[in-house]
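S.K.: test case, fold it:
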Amino acid sequence: MIQPGQRESGRSQRVAPACSTSLFRVAVVTFLLLIGACSPVEIVRVRAGQPFRERTIDSRAYAAYVRARLSESKGETVAAAAQYQYVLLLDPLSVDALIRLGTLYCASSPAKSSVFWEKAERIDSESPKLWFERARCEFARDESEPALRDAKRAMQLDPLAQDAVCLAVDISTKLGRPDDGLRWLRGALALNPANGRLWQLMFQNAGVSQSEKMHAVVRLWQLRHPSASEVPRAFESGPMPTAADAQAKATMLALLLDEALQDSNLPVARETATLLGMNPEQLALSATAAGSHEIALDQAELLLALDHDDAVLWAVGLLATDALHDETRFSSLLSHPPKRPLQGSRSLTGHILDLLRRRVVFDLDQPTGDTATEPSSQRAMSQRAQLSAQ
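M.R.: Got it, this is the predicted structure:
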């Protein structure tokens, strides 16, 4: 018979190996995780649209670089510099760390900054990021000629890098050579025609012709994000920070409205007018002035349905239906003139008076037939009389 002590001893003998196996497995998994955490990471970078498989990097260096970038984004430059130095301790060939250190010391220690630029150049002289950051640093120190040279090098290494193109345009403008910047900008747009930022830079460039500005505005409109409804991508982020930018935005929208009116593009015209703060009556008048009779008539009928005594919109509708040779709607409007007099624009008053003199079949001074006795015809003659007096 097995004694209780023996039973316990046997049970412990059976359990002990299982516990040992579990602990061993935990140890092995932990060891493998530690190895994985310290294992090199293979990097694939993209330059000018082409992927390049680069050397492997210690994951600790990679993690330190991420921490450094985070510190730099918070303005903690001392902590960021320390982390970048730690990256170089683990990975002496890290061009990215050298570039960031050169950028950090750009203003405070130009000599130290130059040391880091030169080290990065010895390791990888074909890094577009190196030449762009170096050019930006030099431009900030008012060293425009070296900055332009390095910006051009960055563009040569990566023609699709929009930041380098924008920087080169700014530098060439400051140097009094805006045509050079415009040439690079056109070249960049030829390579990357879907880049909204470059099209906006084209619109803002002082050396661009009016037709090129118009083309840039249309391209910006076409490139707007689908989630933004009818709002161009350039205006998604909300109000621009300065009065000059706000004026540029208004000018761009005004050009876009002109293009929409010329093309009789009602949806674009409506949305652009809304962005400009125009009401439907103002859009109707603008469409009339631009000869966009379809849009003018659409807006006039929309508002006349709410207020059929609006003389301005009645006049806009008459002019539009006459130009479109829409006799049915012309007769309908003519037979329902507004009770209120037409006031405001002398140009609109002159146009509608000429139209009434030309199209109304009765004579103001000698009305004949039953037409003269109808209230609507009397109001039409009254409108003509008031316009003649004006």
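S.K.: every contact and neighbour count from this point should use C-alpha atoms.
M.R.: OK.
S.K.: neighbours of P337, how many?
M.R.: Residues lying near P337 (other C-alpha atoms under 10 Å) number 25.
S.K.: quick check: it vs H308, distance?
M.R.: Counting by C-alpha to C-alpha, to the nearest Å, the gap from P337 to H308 is 8 Å.
S.K.: overlap in contacts of those two?
M.R.: Contact criterion C-alpha atoms under 8 Å, 6 or more residues apart in numbering; residues bridging P337 and H308 by contacting each: W314.
S.K.: how does this protein divide into domains?
M.R.: When the chain is parsed with automatic domain parsing, its domains come out as 193-233+241-278, 300-390.
S.K.: can I get the ones you listed in a markdown table including mean pLDDT and distance to L93?
M.R.: Output for the domains of the chain, formatted as a markdown table (pLDDT from 0 to 100; distance: least, C-alpha to C-alpha, whole Å):
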| stretch | mean pLDDT | distance to L93 |
| --- | --- | --- |
| domain 193-233+241-278 | 74 | 33 |
| domain 300-390 | 70 | 69 |
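S.K.: switch the ones you listed over to CSV; also include distance to Y84.
M.R.: Output for the domains of the chain, formatted as CSV (distance: least, C-alpha to C-alpha, whole Å):
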stretch, distance to Y84
domain 193-233+241-278, 31
domain 300-390, 64
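S.K.: out of these, which comes closest to S73?
M.R.: For the domains of the chain, the distance to S73 is smallest for domain 193-233+241-278, at 21.3 Å, taking C-alpha to C-alpha.
S.K.: in stretch 125-139, what counts as buried?
M.R.: 126-139 (16 or more other C-alpha atoms under 10 Å).
S.K.: list the contacts of that stretch.
M.R.: For stretch 125-139, the external contacting residues (C-alpha under 8 Å, 6+ apart) are 99, 102-103, 106-107, 117, 120-121, 144, 146-151, 153-155, 157-158, 163-164, 167, 171.
S.K.: ok, now stretch 294-307?
M.R.: So stretch 294-307 is contacted by 261, 264-266, 280-281, 283-288, 310, 313-314, 316-317, 320-321, 324 (C-alpha under 8 Å, 6+ apart).
S.K.: PyMOL command for the buried members of the contacts of stretch 125-139?
M.R.: Those of the contacts of stretch 125-139 that count as buried under 16+ other C-alpha under 10 Å are selected in PyMOL with:
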select buried, resi 99+102+103+106+117+120+121+144+147+148+150+151+153+154+155+157+158+163+164+167+171
